[in-house]
Each structure stands twice: as C-alpha cells, then as structure tokens.
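In: Model the structure of this input:
(chains A, B, C and D)
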2 protein chains.
Amino acid sequence: MEIAAKRLKALADSGKGEQLSENQQKLLDRNLLTHDLQLKGTVAGNSEGGRRSILPNTAAELFAEKGFDRTSMRDIASRAGLLPGSVYHYFASKTELFLTIHQDGFNTVRAQVKAAAEEGTDPWDSLVRALSVHIGGMVGDSPPIQRLTGHSLAMTDHPELRDQIQPYREAYENIIRQLIDDLPLRQDSDRTLLRLTLLRASNWVFIWYRAGGMTPQEIAWGMVEMLRNGVA
Amino acid sequence: MEIAAKRLKALADSGKGEQLSENQQKLLDRNLLTHDLQLKGTVAGNSEGGRRSILPNTAAELFAEKGFDRTSMRDIASRAGLLPGSVYHYFASKTELFLTIHQDGFNTVRAQVKAAAEEGTDPWDSLVRALSVHIGGMVGDSPPIQRLTGHSLAMTDHPELRDQIQPYREAYENIIRQLIDDLPLRQDSDRTLLRLTLLRASNWVFIWYRAGGMTPQEIAWGMVEMLRNGVA
DNA sequence: CCTACCGATCGGTAGG
DNA sequence: CCTACCGATCGGTAGG
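Out: Numbers count the residues shown, from 1 in each chain, chains lettered A, B, ... in the order given. The predicted structure is shown next:
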C-alpha cells in the first residue's frame, strides 16, 4: 500500500513541507523522481497510484505475451523498473496481481459491451454491436488489461487459475448470453448450441485476427449473419 | 534405442532360443518381465517398445490434465513407475516427448478423419462425419495421445510449443479445411470466416462437453446445420 | 564394449 | 521500495 507516500505527498502539496523530517523528505523525493521516470514513455498520465497502477499494465502485457507460468515476478519487476522483490510491496502474490487485472478488465469491458448493446435497434443489431466491442477489446491496440482479459476467455489449461477468474468471467459472459437468449429464432433451433458456438468462436478471434484484415465490426457482423441466415 | 532387444526377441520368436548366450537370455527375460508389468492395467497389448511406447501415453495424460509447464518429468516418471532420471533414457527432453506425442496423435486422427469423410454421401455429409470423428477424438475415453492432440488445437499461450507442433497441426487441419472448401455455398458467403468459425468452435467443444449430454455426432451435425441453414 | 536403468546431484530459477 | 536471502523444485546429467 502507498498510504505513507500519499500522506507525504498530500503534506507536500499543501505547502507544509517544512513539517517533514529529513528522512520523510528523502523518501518523497525519491518517490516523485522514480514516479516521473516510470511515466516516461507510457500513454497516459494517471497521476495517482504510481507503480501500483502501472504494475498491472506491465504484468498484463507480459502475461499476454508469454502466459502466466512463463512470466516471472522478476520479468514484471524488470519491465516496471523495479528490483525483483519489490513487486511484493504492492501485490501479495503473482496470483493476486493476475486476479486484480481480471477483476478490473472484466468490469471495464462489461460496461462497454452493455452500453454498446443498448444502442442496438433490434436484438440482432444489439448482438452485433456487443460482439464488435467484445472482439475489439481483445485485439489491436486495446489496453493490455482488456486484451489479457479477453485472451483469458480462451484459457483451456491451468484449471486453478480458470476457477479463480470464473466469477468475473461469468458476470461478463452473462451479458452476451442474455443477448443471445433475446434473439427471435426458429422453433427448432438449439439456443444452447448457438450460444456455445458463437461465444467460443468470438473468444478465439484474437488468434487469427490481423491488423489490416477484417475489422472487429466486420467479423462480428459476418459471424452473426452466417448463423442467422446460413451459408447454403 | 531398443534395437538389441528387438533383435533378441526376433531370435526368440523364431524358435532359435538355443542360439542365445546365457547373458542374452537373461537380458531378454528381464525385458519381457518389466514389459509385462508395465502393460498391466493398460488398454492394448502393443507388444513392442516397452516403456518407450508407454511413456507417451502417460505423459499425454498428465499434459492434458495439468498442461505442459505444470507437468514435471518427475510426475511423468512417477506415474510410469520409473525413477525421475530414467525418462531421459528414452526421450532426450520434455519437449521431444511432447513433440513425439503430437506427431503420432495428429497422424492417427488425420487418417481417421480422412476415412470418415470418404464415407460421406455428399459434401455436407462428409463434413459432419469428419467433424464427428474430430470432436469424438478429443473427448470422453479416447486414447490420451489423441485427446491431448485435440486439446492442443486450442492452445493459445506458449508460442514456442505452438510453433513446434504447427507442421503436424497444419497437415491435420488441412483435411477439414478442404472439406469446407468443397461445400456448395451461396455466392455471397465468406468461406474463410465459415472455416474459422466452424473449426475454432469445434476445437473448443472439449471444454463444455459432458458425458451424457449431446454426443459428438449430435454436436457436429448441430453446428453444421446451424451454419448451413441459419437459425432465424 | 553395450543395454537398461539407478542413486545422487548438477546449475538455475520459482515464489516468497 | 532494496538487500539479502530462504525452502522447494525445476529440467537435465554425472558415474557406475
């Protein structure tokens, strides 16, 4: 936790620097310095949290590149500009870091998908809009946290990890599940099989997606159209 | 390699046992004994190779249960009834063991899928028959090697491993790819998107498949039917 | 010299 | 946040 650092910074900002001990001032200076160094080269200037908010992004990048098991805490620390043991100052374990990322990521995309669906003019349109956002979030230059979250939907091995993100995942997928349940189908259609096919096929798009090819919107529309009207 | 053992066994089988030296006979007996012990409790009586042919099955089980990284050579050795170091007598590395399994597995299912497709009465029927075998091979009580091979089609992380099985995988998936290319479609259909959707959805079935639910045949037919004629 | 292993240990790295 | 480490386990290899 960074309570101490925040308290120090609040004191400094309020112009009461003269109340700080020499040791406190030294800690503060170092924190602000490394803080600025950290933000160099990153996209946004999220001015609060410092490394606490940078570590999940860094970790998400690496988890998405190499997988959970082959990413070491040393890898994460190194890319974040920290020494190996220091990551544990912010996160109690590698698993906690992973879960924090997914809680955040699933909440974010869930809100985005929900909002997109509500703009639809009919059930089919809503589904296409939702899937466009769903697919768009896991490819291209989406934020690392959302990309990793999307990729984790396709995680097949590592049951322990799967089970732990399951609650967040389920809350998210229920949004899309509901949209499929709302579709007007022929009576002999298997709604369950439709859901499994469409959702799993969507979750896999990031594997074959290439920038410059079909856009997430085109992919979403194409898949829904195929399943709606058939190809024969 | 077991060339010496095979040579001895060939001599023994040909009824020329009296030509064997005492030492040779002792080696042969020991080989046959441990061989029989190994085969106890396993399905088939593949009578050559001994542990060399049992290790891939054992390893495939573990790789399918826990994933490549979380399966140690000690785990594999332990389940096969060997001491940790002894696996290296048969396979130079964990990776070589993994690749051997996949070469064998993909060759086997490729032949099965091809044979099934050739019994079809029309392109759609051939595709359903092929996918039935494809899905059936990765679920239920299929041999561990085939099950792992099927699961590996859904591997998303661990790029190094993916790249190394890619040639076998491609040869296999090309069979199904060709069946999809042979389908008579409406002219405005996107054959590539159909292939990606259908193949990826199939490769995912083992995740939600449950014994006692839909059979592989019903799943294959259901998915193809949906994409052929639509659900609306 | 070979085979089919064994008991013990190697250099490194994991999460903490 | 760093320095200095730990208990354990990893894939792989030594001599016999």
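In: Provide a list of residues in contact with A:V231.
Out: A:V231 sits next to B:183, B:185-186, B:189, B:194, B:227-228 when contact means CB atoms under 8 Å, 6 or more residues apart in numbering or on different chains. (C-beta placed from N, C-alpha, C; glycine too.)
In: how about A:T71, phi and psi?
Out: Here is the backbone geometry of A:T71 (degrees, to the nearest 10): phi -100, psi 120.
In: Throw the contacts of A:V231 into a markdown table and include neighbour count, distance to A:K66 and pLDDT, thanks.
Out: Rendered in a markdown table, the data for the contacts of A:V231 read as follows (neighbours: other CB atoms under 10 Å in any protein chain shown; distance: CB to CB, whole Å; pLDDT from 0 to 100):
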| residue | neighbour count | distance to A:K66 | pLDDT |
| --- | --- | --- | --- |
| B:L183 | 20 | 38 | 97 |
| B:L185 | 16 | 39 | 97 |
| B:R186 | 9 | 42 | 95 |
| B:S189 | 19 | 38 | 95 |
| B:L194 | 20 | 32 | 97 |
| B:L227 | 24 | 35 | 97 |
| B:R228 | 17 | 40 | 97 |
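In: Please list which of those residues also come close to chain A.
Out: Here is what survives when these are matched to chain A using CB under 8 Å from any CB of the partner chain: B:183, B:185-186, B:189, B:194, B:227-228.
In: ok, those vs DNA strand C, which is closest?
Out: Closest to DNA strand C out of those is B:L194 (40.3 Å), distances taken as CB to the nearest atom of the strand.
In: Can you work out which other helices and strands pack against the helix or strand where the closest one lies?
Out: Here B:L194, judged by DSSP states H and E, is contained in helix B:191-203. Using 3 or more CB pairs under 8 Å, 6 or more residues apart in numbering or on different chains; DSSP states H and E, the elements in contact with helix B:191-203 are helix A:191-203, helix A:205-208, helix A:216-229, helix B:123-138, helix B:159-181, helix B:216-229.
In: Relative to B:V87, which of these is closest?
Out: With CB to CB, the closest approach to B:V87 among these belongs to helix B:159-181: 18.2 Å.
In: Tell me how far the lengthiest helix in chain A lies from the chain's centre.
Out: For chain A, the longest helix by residue count, based on DSSP state H, is helix A:94-118. Centroid displacement of helix A:94-118 relative to its chain, using CA atoms, centre = their mean, to the nearest Å, is 6 Å.
In: got it, and stretch A:206-224?
Out: Centroid displacement of stretch A:206-224 relative to its chain, using CA atoms, centre = their mean, is 19 Å.
In: so how far is the first residue of that stretch from its last?
Out: Terminal residues of stretch A:206-224 lie 17 Å apart, using CA to CA, to the nearest Å.
In: contacts for that stretch?
Out: Here stretch A:206-224 has contacts from A:124, A:127-129, A:131-136, A:138-140, A:147, A:150-151, A:154, A:198, A:201-202, A:205, B:156, B:190, B:193, B:196-197, B:200, using CB under 8 Å, 6+ apart.
In: Buried ones among those residues?
Out: The neighbour-count test (16 or more other CB atoms under 10 Å in any protein chain shown) applied to the contacts of stretch A:206-224 identifies A:124, A:127-129, A:131-136, A:138-139, A:147, A:150-151, A:154, A:198, A:201-202, A:205, B:156, B:190, B:193, B:196-197, B:200 as buried.
In: List, one by one, the residues from chain A near chain B.
Out: A:66-70, A:124, A:151, A:154-158, A:183-186, A:189-190, A:193-194, A:196-197, A:200-201, A:203-205, A:207-208, A:214, A:219, A:222-223, A:226-232.
In: mind running it again at 7 Å?
Out: When proximity is defined by CB under 7 Å from any CB of the partner chain, chain A lies next to chain B at A:67, A:69-70, A:151, A:154, A:156-158, A:184-186, A:189-190, A:193-194, A:196-197, A:200-201, A:204, A:207-208, A:222-223, A:226-232.
In: quick one on the thing from earlier: in TSV: the ones next to chain A among the contacts of A:V231, plus distance to DNA strand D.
Out: Written out in TSV, the entries for the ones next to chain A among the contacts of A:V231 read as follows (distance: CB to the nearest atom of the strand, whole Å):
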residue	distance to DNA strand D
B:L183	43
B:L185	46
B:R186	50
B:S189	46
B:L194	39
B:L227	41
B:R228	45
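In: Let me know the closest of the residues you listed to A:R177.
Out: Within the ones next to chain A among the contacts of A:V231, the smallest distance to A:R177 is 20.0 Å, found for B:L227 (CB to CB).
In: My understanding was that the closest one contacts B:L196; is that so?
Out: No. Taking contact to mean CB atoms under 7 Å, the distance of 11.6 Å between B:L227 and B:L196 leaves them out of contact.
In: domain parsing for chain A?
Out: Domains of chain A are assigned by automatic domain parsing as A:1-32, A:95-229.
In: Tell me which of the ones you listed sits most buried.
Out: Of the domains of chain A, the one with the most neighbours on average (mean count of other CB atoms under 10 Å in any protein chain shown) is domain A:95-229, at a mean of 18.
In: now the end-to-end length of that one.
Out: Terminal residues of domain A:95-229 are spaced 44 Å apart (CA to CA).
In: Could you check that domain against DNA strand C for contacts?
Out: Yes. In terms of CB under 7 Å from any atom of the strand, part of domain A:95-229 sits within range of DNA strand C, namely A:T95.
In: other SSEs contacting the helix or strand encompassing A:R147?
Out: Per DSSP H and E, A:R147 falls inside helix A:144-152. Applying 3 or more CB pairs under 7 Å, 6 or more residues apart in numbering or on different chains; DSSP states H and E, one finds that helix A:144-152 contacts helix A:51-66, helix A:94-118, helix A:123-138.
In: Those: which one's closest to B:D163?
Out: Scanning the helices and strands packed on helix A:144-152 with CB to CB as the criterion, the closest one proves to be helix A:51-66, at 13.6 Å.
In: distance between that closest one and the chain's centre?
Out: 10 Å.
In: by contact count, what packs against that helix?
Out: Short answer (3+ CB pairs under 7 Å, 6+ apart): helix A:51-66 packs on helix A:73-80, helix A:94-118, helix A:144-152.
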